[in-house]
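S.K.: My questions concern the predicted model and sequence given below.
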Amino acid sequence: MARRLSIAFVHPNLGIGGAERLVVDSALCLQQRGHRVVLYTMHHDPAHCFEETRDGTLEVRVCRSWLVPRSIGGRLHILCTILQSLALARSVATAREQFDVLFVDQLSAPIPLLKHAHAHILFYCHFPDYLLARRDGPLRRLYRAPFDLLEELTTAEADEIAVNSRFTQETFRHAFPRIGRAPRVLMPALNLHAYDRPPDADDPALAVLRTGKRVVVSINRFERKKDVGMAIDAFAALRDCRACLVVAGGWDTQVAENIEYLSELEARARSLGLRTRTVAPRGATPAALALLPAGAVRTPSFPAAGDDGDQLESTDVLFLPSFTENQRAFLFSVARCTVYTPTNEHLGIVPLESMYMRVPVVAVNAGGPRETVPHAKAGYLCEPTAEDFAGAIRRVLDASGAQWAAMGAAGRERVQRDFSLDAYADRLERLIHEMLQRPMSSSPVFGILMTLFIVFAAAAAFALASWL
């Protein structure tokens, strides 16, 4: 791209997850190509974020709306999130800096208001939100109706729409029939150089992970839709394999589901006769420790006697909430297999990370992994049952050294060829360049009308919610 662009990324919560990793990598690759990049967000916790957003590599501007809570009585999350996003959009639209491009993802509601920034808007749809929402009962369906319509109308206002896989592209077309154009497929990439750094062996936080057992890894946020329980059920069927399952993932003390699901998984493992251990995040406060399952141990902050021993000899399932990047690197360096359990996941970054680190993947034969994991070459694609997963995990664990190495090499080659940051940057720059050749989709006046609709829908939803 010939000229230097000014690009703002608008993302709700810069925590730790696949969506956040895509935003960070997109910002990094554009910044490295000489473009001016700023990240706007509603929430950024330095203790729970990717390093590049904490160490000054990327400029992050946090715009909170103190008048709007994250929820009301533990409910109305979508209403509060939309209202917060409007405040964030106002901060972007009234910024003194003029942006050429706004990269918006996850939440489309602020797009009409962002029109006032007079910039081209690229919306990255990880997956239609309304397909992920609960609608158990007529009142909840009525409550969700205005938000579902709002998502479709506001998404259509973007100048360009991209999705992360062909699976999401097809889902998008069925979910939003009023949007006449098909979104562009822009698969995420990995910053391969970040994975090439070996783990810091002197990090005392690695002590809780050292073992002579074979390690099976599951990495996902602690959300029920990730179906991590299936990994635990499958592992329970492998009692004679002398292995340890490490369940690591994003865990936010502000998200009730994260807290509840971790406790549910720990109880599930114990009910199956598995010996469990939960390690608290590094630097966890007393309040955070109180939210963890009983008996959680602290992450060591300094080397201690016995660190060279087998810390997991008496543990079958280790829970590692809010793990560090160095712990992730160590896990991939010792893992024999990665288990990825979400069904119809729109893409899935973890299988790509695992394959690049030469660790075979066992994933559900649906959604994004069907497009990323070469079956029987870099791992196995299974039906979403504990029996199928147990069989595939056993095949990986029982593979000879040469067979295991061949699967690892095939996975790494796949990622290097199709998911490098350079290849992704080329595709992203090309998409932005094509978008800039076209006029912006509508005037800011429409944004005012759409904003009024959002406020009206929010008020109506609040009234309906009182009946739920």
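M.R.: Cool, the structure landed.
S.K.: Backbone torsions only: list them for the closest residue to residue 54 other than its chain neighbours.
M.R.: Leaving aside its sequence neighbours, residue 54 sits nearest to residue 46 (CB to CB, 6 or more residues apart in numbering; 5.0 Å). C-beta here means a position set from N, CA and C on the backbone, and glycine is covered the same way. For residue 46, the backbone dihedrals (degrees, to the nearest 10) come out as phi -60, psi -20.
S.K.: Renumber starting at 375 from here on
M.R.: Got it, first residue is 375 now, which makes that one residue 420.
S.K.: since we're on residue 420, how many residues are nearby?
M.R.: A count of neighbours around residue 420, defined by other CB atoms under 10 Å, yields 9.
S.K.: Next: residue 792.
M.R.: Residue 792 has 14 nearby residues by other CB under 10 Å.
S.K.: With residue 694 instead?
M.R.: Neighbours of residue 694 (other CB under 10 Å): 26.
S.K.: Report the contact partners of the residue lying closest to it once chain neighbours are set aside.
M.R.: Nearest non-adjacent residue to residue 694, counting by CB to CB, 6+ apart: residue 622, 4.0 Å away. If you count contacts by CB atoms under 8 Å, 6 or more residues apart in numbering, residue 622 has them with 591-593, 693-695, 697, 701-702, 705.
S.K.: With residue 685 instead?
M.R.: 581-585.
S.K.: For the stretch 675-824 of the chain, just list every one of the helices.
M.R.: 699-708, 723-730, 743-746, 760-772, 775-792, 795-810, 818-839 (DSSP state H, counting those that start in this stretch).
S.K.: How far does the fifth one sit from its chain's centre?
M.R.: Distance of helix 775-792 from the chain centroid (CA atoms, centre = their mean, to the nearest Å) equals 24 Å.
S.K.: Now that helix: buried residues?
M.R.: 778, 781-782, 784-789 (16 or more other CB atoms under 10 Å).
S.K.: Take the residues you listed and lay them out in CSV including distance to residue 801 and pLDDT.
M.R.: Putting the buried residues of helix 775-792 into CSV (distance: CB to CB, whole Å; pLDDT from 0 to 100) gives the following:
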residue, distance to residue 801, pLDDT
778, 32, 98
781, 27, 98
782, 26, 98
784, 23, 98
785, 21, 97
786, 21, 97
787, 20, 96
788, 17, 95
789, 15, 95
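S.K.: Can you add distance to residue 473 and give those residues back as JSON lines?
M.R.: Shown next, in JSON lines, are those (distance: CB to CB, whole Å):
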{"residue": "778", "distance to residue 473": "48"}
{"residue": "781", "distance to residue 473": "44"}
{"residue": "782", "distance to residue 473": "42"}
{"residue": "784", "distance to residue 473": "42"}
{"residue": "785", "distance to residue 473": "38"}
{"residue": "786", "distance to residue 473": "37"}
{"residue": "787", "distance to residue 473": "38"}
{"residue": "788", "distance to residue 473": "35"}
{"residue": "789", "distance to residue 473": "32"}
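S.K.: ok, of those residues, which one's closest to residue 416?
M.R.: Of all the buried residues of helix 775-792, residue 416 sits closest to residue 789, with 31.7 Å by CB to CB.
S.K.: Tell me who's in contact with that closest one.
M.R.: Residue 789 neighbours (CB under 8 Å, 6+ apart): 564, 566, 726, 729-730.
S.K.: What residue, apart from its backbone neighbours, is nearest it spatially?
M.R.: residue 730 (4.2 Å).
S.K.: Could you report the neighbour count for the residue nearest to residue 667 when sequence neighbours are not counted?
M.R.: Closest residue to residue 667 apart from its sequence neighbours, by CB to CB, 6+ apart: residue 640 at 4.4 Å. By the measure other CB under 10 Å, the count of residues near residue 640 is 23.
S.K.: measure residue 640 to residue 607 for me?
M.R.: As judged by CB to CB, to the nearest Å, residue 640 and residue 607 stand 14 Å apart.
S.K.: repeat for residue 389
M.R.: Residue 389 is 28 Å from residue 607, by CB to CB.
S.K.: Name the spans of the stretch 425-574 of the chain whose pLDDT lies under the cut-off.
M.R.: 441-443, 445-449, 508-509 (pLDDT under 70).
S.K.: now the helices for it?
M.R.: Going by DSSP H, counting those that start in this stretch, the stretch 425-574 of the chain shows helices at 425-428, 451-467, 485-488, 512-530, 540-549, 566-570.
S.K.: Highest mean neighbour count out of the ones you listed?
M.R.: Ranked by mean neighbour count, these are led by helix 485-488 with a mean of 26 (mean count of other CB atoms under 10 Å).
S.K.: which other helices and strands contact it?
M.R.: Counting by 3 or more CB pairs under 8 Å, 6 or more residues apart in numbering; DSSP states H and E, the packing neighbours recorded for helix 485-488 are helix 451-467, strand 475-479, strand 494-499, helix 512-530, helix 818-839.
S.K.: Any figure for the gap between residue 800 and residue 721?
M.R.: Distance from residue 800 to residue 721, by CB to CB: 19 Å.
S.K.: Quick check on the two: which one has the bigger neighbour count.
M.R.: For residue 800 versus residue 721, the count of surrounding residues by other CB under 10 Å is larger for residue 721: 24 against 13.
S.K.: Leaving out chain neighbours, which residue sits closest to the more buried one?
M.R.: Nearest non-adjacent residue to residue 721, counting by CB to CB, 6+ apart: residue 742, 3.7 Å away.
S.K.: Is it correct that that neighbour is in contact with residue 543?
M.R.: No: with contact defined as CB atoms under 8 Å, residue 742 does not reach residue 543; the gap is 11.2 Å.
S.K.: So which of the contacts of residue 622 is the closest to residue 611?
M.R.: residue 592 (15.0 Å).
S.K.: element containing that closest one?
M.R.: Residue 592 belongs to strand 588-593 when assigned by DSSP states H and E.
S.K.: Same question for residue 631.
M.R.: helix 630-645.
S.K.: just the angle between that helix and helix 451-467, please?
M.R.: 130 degrees (axes from the mean of the first three to the mean of the last three CA atoms, to 10 degrees).
S.K.: quick one: buried residues of helix 630-645?
M.R.: 632-633, 635-640, 642-643.
S.K.: what does stretch 530-541 give?
M.R.: 530-539, 541.
S.K.: same deal with stretch 388-408?
M.R.: 388-405, 407.
S.K.: how far out from the middle of the chain is that stretch?
M.R.: Put simply, stretch 388-408 sits 12 Å off its chain's centre (CA atoms, centre = their mean).
S.K.: pull the CA atoms of it into CSV?
M.R.: C-alpha atoms of stretch 388-408 as CSV (Å, rounded to 0.1, in the frame of the first residue of the first chain):
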residue,chain,number,x,y,z
LEU,A,388,-8.8,-6.6,25.2
GLY,A,389,-8.5,-9.7,27.3
ILE,A,390,-7.0,-13.1,26.4
GLY,A,391,-8.8,-15.1,23.6
GLY,A,392,-8.8,-15.9,19.9
ALA,A,393,-10.7,-12.7,19.0
GLU,A,394,-8.2,-10.6,21.0
ARG,A,395,-5.3,-12.4,19.5
LEU,A,396,-6.6,-11.6,16.0
VAL,A,397,-7.0,-7.9,16.8
VAL,A,398,-3.5,-7.7,18.4
ASP,A,399,-1.9,-9.5,15.4
SER,A,400,-3.8,-7.4,12.9
ALA,A,401,-2.6,-4.3,14.6
LEU,A,402,1.0,-5.5,14.8
CYS,A,403,1.3,-6.5,11.2
LEU,A,404,-0.2,-3.1,10.0
GLN,A,405,2.0,-1.2,12.4
GLN,A,406,5.1,-3.1,11.2
ARG,A,407,4.2,-2.0,7.6
GLY,A,408,4.4,1.6,8.6
